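Peer 1: Test case, fold it:
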Amino acid sequence: MENTFKTISTSAMAGDCEIIFETGKLANQADGAVVVRAGDTVVLVTAVTQTMQNDPGYFPLVVNYQEMSYASGRIPGGYFKREIGRPSDRETLVSRLIDRPIRPLFPKTFKDEVQVIATVLSADPENDPDVLAISGASAALHISRIPFSGPIAGARIGYIDDQFVLNPSHKLLEQSDLNLIVAAAKNGVLMVEGFAQFLSEKTIADAINWGQEQIMPLLDAQEILREKCGREKLPAPAEPEKNPDLEKFIFDLASADLSRALFIPDKMERREAKKKVSTKFYETINEQLGEDSEKLTRARQIFEELEKSIVRQKILDSKTRIDGRDLTTVRPLAMEIGLLPRTHGSSLFARGETKSLCIATLGSSSDEQRIETLTGDSTKRFMLHYNFPPYCVGEVKFLRGPSRREIGHGILAERALTPVLPSAEDFPFTMRIVSEVMESNGSSSMATVCGSTLSLMDAGVPIKEPVAGIAMGLIKEGNEYLVLTDILGDEDHLGDMDFKIAGTYSGVTAVQMDIKIPGIPMNVMYKALEQAGQAKKTILESMNEVIDKPRSELSKYAPKTEIVYVDTDKIKDVIGPSGKNIKAITAETGSSIDIEDSGKITVFSPTQEVLDKTREMILFYNQKPELGKDYQGEVKRILDFGAVVEILPGVDGLVHISQLDTSRIDKVSDVVKIGDMIKVKVIEIGDRGKVRLSRMAVLMEESGQRFDLKSASRPAPKGRGSDRDRNRSGGPRR
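Peer 2: Below you'll find the predicted structure:
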């Protein structure tokens, strides 16, 4: 009996790491299933297609990436202890990373449902599964029967000591000035996403170019895998046959009105004009074509193609955009800060008809986001959330949780701003920004970057320098191409590229590129990045006119913070048994308190008054006994030769029997009992911290007598003492 699985595999070197593609062992009922492995990281990617009963009018591709806790030997947190419910932000982001480069490679006429699922089965600390999942998705589609113009591959590029590094480990990424993911085919780049530490636009372009060269062996490995086991591809539906008479009829009927409507500068007016033209068009063709459903469907397709052709051709011919701009001009800018009185920081940023309201909120360390990942739990002290409500584009929709697009745009803006944020040591607050898109006509994510910068500065967050963002577009016909600065929504919809670049005067901090054609040549990438750099400076100059540096003071509504230091041996007293003391402080003041083992205590309070009170309550446990100072203490123990009194939290001292009273006593219990509160004076502090106390000194001073502290600091006599001993200690002679 055969007890081994039949598998087919290929491998390729990506830098110093071998990447293995294997099929035949898992998920054989899928149309394509590939296990991709690097080191101990293993990702299973499956691709399945299903015929749709009706043409949905779009390509129904769904991509899901899921990280299983068992992959790194962990058990999920929470009540259910299993991976259920909505995907994490990281899973959503990686799903988008897979979706965006493969989507343009399906035939435009292919409308069957396709689902790609990438499951992380094993994960090591050195090899990130996200870029493996991109290559695995391509391999699964490439060997399947699904029509797909691959292969493609993904790679992560780092930049350490002025050298590019392929697929750096998590540890190396901590030293890197760049974390860039590139997906590419042999004929061009398909997707770019990442963030950087103020690198130049040219360095980013060089990194993309270098990354594309490095992944070529992975493309060859996928071709070999297909040669070994690839299935015959399904035939893609043919393009509709040309009908010159119908095309001429539609052109004559609609082109003049459509040309006028498509180049109205105002978005809402343009939309209404297009609606009137399309309504008139459909009424006419319904009358002319009657019940010929095939011709009606083809007529609608020709009308849509005509709209795209008119816009693209006019831009190519006249170098004039939909709203009348040239290729490199940024739309008019408008900004305002501090418009919401009770928030910690706020701004309104508008670029043309795109407008973002950004609100910054400061919180304590307890407000940090806790994140459960394959590599362990982590926290985030900066969060940026992007909301795209339906009213911002004049639509009516149900309000649900954030979409994949909203999560992706928020993380992109968050990454763009992270390099300029102050360190936790310099600014211990947790920071959250919410971008509410008020109006949208292209590049609302980059408006979020600009508005978020302004809101942080309005809140008084000491950022290193402001960040701005711009979106670049592309019109490419044959070998001719035009790069468009600051694209409109229609230019994004009808164009070939959406390339977002964010950064400061010093350099790039984040990039993201999506395309609709099978690959962008590198000369286009270089031009787009160079053109974006000039636009970015224009926006930064306008932002500088509104606010040139962060406010010197935080909002009066922002929490107040102070760092208090206590001795390390006092930390246990501040916390108290089972946290009793610290819980009492937070319950009474409402403050948030973060205690470190070094003795550093960070306090966050709603007001300065509460902060002062919290500080005093903490420092109460950090007091040290002072020689000659009186204290009210509690009797903790009774001994034959004296009483142990707690004068400060965690600080006990001995009141010798000779120092309990101004007169001779026979038994300690004749004067004090456990639990009594008595006033005592510190008369000696030993080298090892031992404290000697005197109740007699307090009684003498209260009666107007002088107590000799110097003579009292001599070693206490043994036994119960005598009149002579008492005289030595400063007591009255009897």
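Peer 1: longest strand of this protein?
Peer 2: In the chain, assigned by DSSP state E, the strand with the most residues is strand 188-199.
Peer 1: Report the buried residues of that one.
Peer 2: Of the residues in strand 188-199, those scored as buried under the neighbour-count criterion (16 or more other C-beta atoms under 10 Å) are 188, 189, 190, 191, 192, 193, 194, 195, 196, 198, 199. Heads up, the C-betas are built off the backbone N, CA and C, glycines and all.
Peer 1: avg pLDDT for that strand?
Peer 2: Averaging pLDDT along strand 188-199 gives 96.
Peer 1: Keeping just the C-alphas, turn that strand into CSV.
Peer 2: Output in CSV follows, covering the C-alpha atoms of strand 188-199 (Å, rounded to 0.1, in the frame of the first residue of the first chain):
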residue,chain,number,x,y,z
GLY,A,188,6.1,45.7,-15.8
VAL,A,189,5.1,46.6,-12.3
LEU,A,190,1.5,45.8,-11.1
MET,A,191,1.3,47.0,-7.5
VAL,A,192,3.4,49.0,-5.1
GLU,A,193,2.7,49.6,-1.4
GLY,A,194,5.0,50.6,1.5
PHE,A,195,6.5,53.2,3.7
ALA,A,196,9.8,54.9,4.1
GLN,A,197,12.0,57.1,6.3
PHE,A,198,12.2,60.2,4.2
LEU,A,199,13.8,58.6,1.1
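Peer 1: what's next to the helix or strand that that strand is followed by, contact-wise?
Peer 2: The helix or strand immediately downstream of strand 188-199 is helix 201-214, counting by DSSP states H and E. The list of residues contacting helix 201-214 from outside it, by C-beta atoms under 8 Å, 6 or more residues apart in numbering, reads 14-15, 155, 157, 159, 164, 166, 178, 180, 182, 184, 188-189, 192, 196, 501, 507-508, 511, 522, 525-526, 529-530, 532-533.
Peer 1: Which of the residues you listed fall within strands?
Peer 2: Using DSSP E to define strands, the subset of the contacts of helix 201-214 located there is 14, 155, 157, 159, 164, 166, 178, 180, 182, 184, 188-189, 192, 196, 501, 507-508, 511.
Peer 1: before we move on, the earlier item: show me what the longest strand of the chain is packed up against.
Peer 2: Secondary-structure packing of strand 188-199 (3 or more C-beta pairs under 8 Å, 6 or more residues apart in numbering; DSSP states H and E): helix 89-102, strand 153-160, strand 178-185, helix 201-214, helix 404-417, strand 497-504, strand 507-515, helix 522-546.
Peer 1: try 7 Å
Peer 2: Helices and strands in packing contact with strand 188-199 are listed as helix 89-102, strand 178-185, helix 201-214, strand 507-515; criterion 3 or more C-beta pairs under 7 Å, 6 or more residues apart in numbering; DSSP states H and E.
Peer 1: Also compute the angle for it relative to strand 153-160, please.
Peer 2: Here strand 188-199 runs at 20 degrees with respect to strand 153-160, directions being taken by axes from the mean of the first three to the mean of the last three C-alpha atoms, to 10 degrees.
Peer 1: excluding its backbone neighbours, what's nearest residue 360?
Peer 2: Closest residue to residue 360 in three dimensions, ignoring its sequence neighbours and counting by C-beta to C-beta, 6 or more residues apart in numbering: residue 345, at 3.6 Å.
Peer 1: next one: residue 334
Peer 2: Nearest in space to residue 334, with sequence neighbours left out and distances taken as C-beta to C-beta, 6+ apart, is residue 350 at 4.3 Å.
Peer 1: now residue 9
Peer 2: Spatial nearest neighbour of residue 9, chain neighbours left out: residue 22 (4.0 Å); criterion: C-beta to C-beta, 6+ apart.
Peer 1: give me the element that neighbour is part of.
Peer 2: Under the criterion of DSSP H and E, residue 22 resides in strand 17-23.
Peer 1: Surely residue 37 forms part of a strand?
Peer 2: Yes: in this structure, residue 37 lies within a strand as judged by DSSP: H, G, I helix; E, B strand; the rest coil.
Peer 1: I figured it hits residue 20, correct?
Peer 2: Yes: in this structure, residue 37 sits in contact with residue 20. The criterion is C-beta atoms under 7 Å, and the distance is 4.6 Å.
Peer 1: quick one, which of those two is more surrounded?
Peer 2: It is residue 37, of residue 37 and residue 20, that has more neighbours when counted by other C-beta atoms under 10 Å, with 21 against 15.
Peer 1: and the more buried one, bridged to which residues?
Peer 2: residue 20, residue 42 (DSSP bridges).
Peer 1: Using CSV, lay out the helices and strands packed on strand 188-199 together with distance to residue 541.
Peer 2: CSV is the format used below for those (distance: least, C-beta to C-beta, whole Å):
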stretch, distance to residue 541
helix 89-102, 32
strand 178-185, 26
helix 201-214, 17
strand 507-515, 17
